[in-house]
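**Q** what would the 3D arrangement of this be:
(chains A and B)
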Amino acid sequence: MIKVTQREIERIKRFNLTLRKGGKSSRVKKKGRVQYINNWFQENSDFISLEKSSGRYTVVFPESLNLYDGFNQSIKPINSLRKILSFKRGGVRLRALDLNAIQDISTPASLVLTAEIDNWNTKNGRKLTPQTERWHPNVRGTLSELGFFELFNYQPCAPNSNGLVKVVKFIKGKPGDEDKAKHLREQIEKIVGSRVKRPPLFQALSEAITNVTHHAYPKEIIKARKHWYMTASFCEQSRKLKVAFYDQGIGIPSSLPKSKFWESAKGYIAKMGLINDHPSLIAAAVEMGRTSTNSGNRGKGLQDLLEFIRQYGNGYLSIMSQRGHYRFSCIERQEKIQKNSLDFPIMGTLIIWSVTIPERGVMQ
Amino acid sequence: MRINIGKDFSDTPAGRFRSDGKHSGEAFRDDLLEKRLSEVAEDEKLYIKIDDVEGYGSSFLEEAFGGLVRKGKYSSIDLLNKLVFEFEDVDFEFYKKKIIEYIKDAK
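**A** Numbers count the residues shown, from 1 in each chain, chains lettered A, B, ... in the order given. Got it, this is the predicted structure:
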């Protein structure tokens, strides 16, 4: 006769309790998880390859990485990086990111990519090493100017020799680091070669940082891990200055319903006859600070983001957060607001300011 | 009596609460503004130079100035009569108007 051990009795009790609660056994859960992961890889197989010998995955990036002109093809591999890292179990490992095919990369895309790789590098004990031999020289140069290679123990490459677009080294910060906005402004003035409008630039950046502190990350995340990243670039030919700010939080559409401004936002959405979708939620978060007289003393921060564009009179502010895109444009001081849904989410919030800097000596 | 925000407090004032950072509106209001207001004689004004800074976010300004009214320290009329805002940089006219707006709207 086989004696049933106490350990076996406890295991059977736990299993029965799980079934009574309507839950699945761990074997069923594991099968479901594996199926989910397999399905996800099949859907993204056009840019993810599997090295069968090691069972590890490589994410292959496209020729052009631009979150405005080629959003879908750019965001999918970036999101895949985060997704694969989130698969803690199931034998899924990330082997490499293949950047060899990229021939041009925009400043905002560079910033988002850098932030995600910084995240991966941190999880990996800062042991990542870039293999840049087959990278396009323009991409090597742009990422070098951005400070990308300082994430690793790696000699930075020479900056781009054509010099048409100058990039400011990215700045990483956390709540309370508003003095870094002053440092960014100083670096911008070096590449622009003249003063920029300091007060509205600091107004915009400091409010973006304050928003990260208050809303972007879940409460359980400690302050030291509520990171944000910012950078800027200037094209001498077009005189366009672009400033980009990115956080890896939960996004405005997720944070707004949990905030104290939700009632004001709902009122704005109802008043404007909008649908409760991501673009409208972002629009509500920006516009309710201007239009609502009953919102009390809070909720006006996102309006500060617009002032930098208004001061120059020509430019745009773009906010991408989850599946929403909000764009405020100013052409010869005529203001226009557009919003649209994104096919794929951006995991966090990306804010881009773009203004045309007049030539020196030209009055605005 | 005078306050120069940039020199007496910080040239990068930002954030609403002390938990947001070292140079928040709450810290400016409680540690500097309210003290100086209490030291000013009844028939005198408090002059505040606002332009030796990088700029201001609405969170800082509203908590610093609107917060004085919301906390019941001053009425908006009394506060506006007491304060004089000074600046040489014309870009800061915008922030003077914002401060006055936040004081008037504070409840």
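
**Q** get me the contact residues on chain B for chain A.
**A** By the criterion of CB under 8 Å from any CB of the partner chain, the positions of chain B lying close to chain A are B:11-12, B:14-16, B:19-23, B:53-60, B:62-63, B:66-67, B:70, B:89, B:91-92, B:94-95, B:102, B:105-107. C-beta: built from backbone N, CA, C; applies to glycine.

**Q** what about the residues you listed, which are in strands?
**A** Restricting the residues of chain B next to chain A to those inside strands, with DSSP state E as the criterion, leaves an empty set.

**Q** now the residues you listed: which count as buried?
**A** Judged by neighbour count, with 16 or more other CB atoms under 10 Å in any protein chain shown as the criterion, the buried members of the residues of chain B next to chain A are B:12, B:14-16, B:20-21, B:23, B:53-60, B:62-63, B:66-67, B:70, B:92, B:94-95, B:102, B:105-106.

**Q** measure stretch B:41-50 end to end?
**A** Distance across stretch B:41-50, first residue to last, is 22 Å (CA to CA, to the nearest Å).

**Q** run through who's touching that stretch.
**A** Under the contact criterion CB atoms under 8 Å, 6 or more residues apart in numbering or on different chains, stretch B:41-50 has outside partners B:1-6, B:36-37, B:40, B:56, B:82-87, B:92, B:95-96, B:99.

**Q** next one: stretch B:5-18
**A** Here stretch B:5-18 makes contact (CB under 8 Å, 6+ apart) with A:175-176, A:178-179, A:181-182, A:202, A:206, A:209-210, A:213-214, B:3, B:20-28, B:32, B:48-54, B:56-57, B:59-60, B:62-64.

**Q** how long is that stretch end to end?
**A** Using CA to CA, the end-to-end distance of stretch B:5-18 comes out at 17 Å.

**Q** okay, helices next: where are they in the chain?
**A** No chain was given, so I picked chain A. In order along the chain, chain A carries the following helices (DSSP state H): A:6-20, A:26-43, A:71-86, A:107-123, A:137-146, A:179-192, A:198-211, A:252-255, A:262-271, A:278-291, A:304-312.

**Q** let me rephrase: I mean chain B.
**A** With DSSP H applied, chain B shows helices at B:25-28, B:34-39, B:58-61, B:67-70, B:76-82, B:93-105, listed in chain order.

**Q** send me the third one as PDB with only the CA atoms.
**A** I take that to be helix B:58-61. The C-alpha atoms that make up helix B:58-61 are tabulated as PDB, following Å, rounded to 0.1, in the frame of the first residue of the first chain:
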ATOM      1  CA  SER B  58       1.700  77.300 -13.700                       C
ATOM      2  CA  SER B  59       2.100  74.700 -10.900                       C
ATOM      3  CA  PHE B  60       4.700  76.900  -9.200                       C
ATOM      4  CA  LEU B  61       3.000  80.200  -9.600                       C
END
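
**Q** list the helices and strands it packs on?
**A** With contacts taken as 3 or more CB pairs under 8 Å, 6 or more residues apart in numbering or on different chains; DSSP states H and E, helix B:58-61 sits against helix A:198-211, helix B:25-28, helix B:93-105.

**Q** and the residue nearest to A:Tyr68 when sequence neighbours are not counted, how many residues sit next to it?
**A** Nearest non-adjacent residue to A:Tyr68, counting by CB to CB, 6 or more residues apart in numbering or on different chains: A:Ser106, 6.9 Å away. A:Ser106 has 22 neighbours, counted by other CB atoms under 10 Å in any protein chain shown.

**Q** list the contacts of A:Ser106.
**A** Applying CB under 8 Å, 6+ apart, one finds that A:Ser106 lies in contact with A:65-69.

**Q** which one of those residues sits closest to chain B?
**A** Out of the contacts of A:Ser106, the one with the shortest distance to chain B is A:Leu67. That distance is 25.6 Å, counting by CB to the nearest CB.

**Q** isn't A:Asp177 right next to A:Ser206, touching?
**A** No: using CB atoms under 8 Å, A:Asp177 makes no contact with A:Ser206, being 10.0 Å away.

**Q** and the two? Which one has more around it.
**A** The neighbour comparison of A:Asp177 against A:Ser206 (other CB under 10 Å) goes to A:Ser206, with 30 against 19.

**Q** do you know how far that one is from B:Ser24?
**A** 11 Å (CB to CB, to the nearest Å).

**Q** for the two, list the residues in contact with both.
**A** With CB under 8 Å, 6+ apart applied, the overlap between the contact sets of A:Ser206 and B:Ser24 consists of B:14-15, B:60.

**Q** turn those into TSV, columns for pLDDT and distance to A:Glu186.
**A** As requested, the shared contacts of A:Ser206 and B:Ser24 are exported to TSV (pLDDT from 0 to 100; distance: CB to CB, whole Å):
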residue	pLDDT	distance to A:Glu186
B:Ala14	94	16
B:Gly15	93	21
B:Phe60	95	21
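
**Q** and these, which is closest to chain A?
**A** Proximity of those to chain A, judged by CB to the nearest CB, is greatest for B:Ala14, which lies at 3.6 Å.

**Q** phi, psi of the closest one?
**A** When read as degrees, to the nearest 10, the backbone of B:Ala14 gives phi -160, psi 150.

**Q** again, but for A:Tyr68
**A** Its backbone dihedrals place A:Tyr68 at phi -100, psi -50, with angles given as degrees, to the nearest 10.
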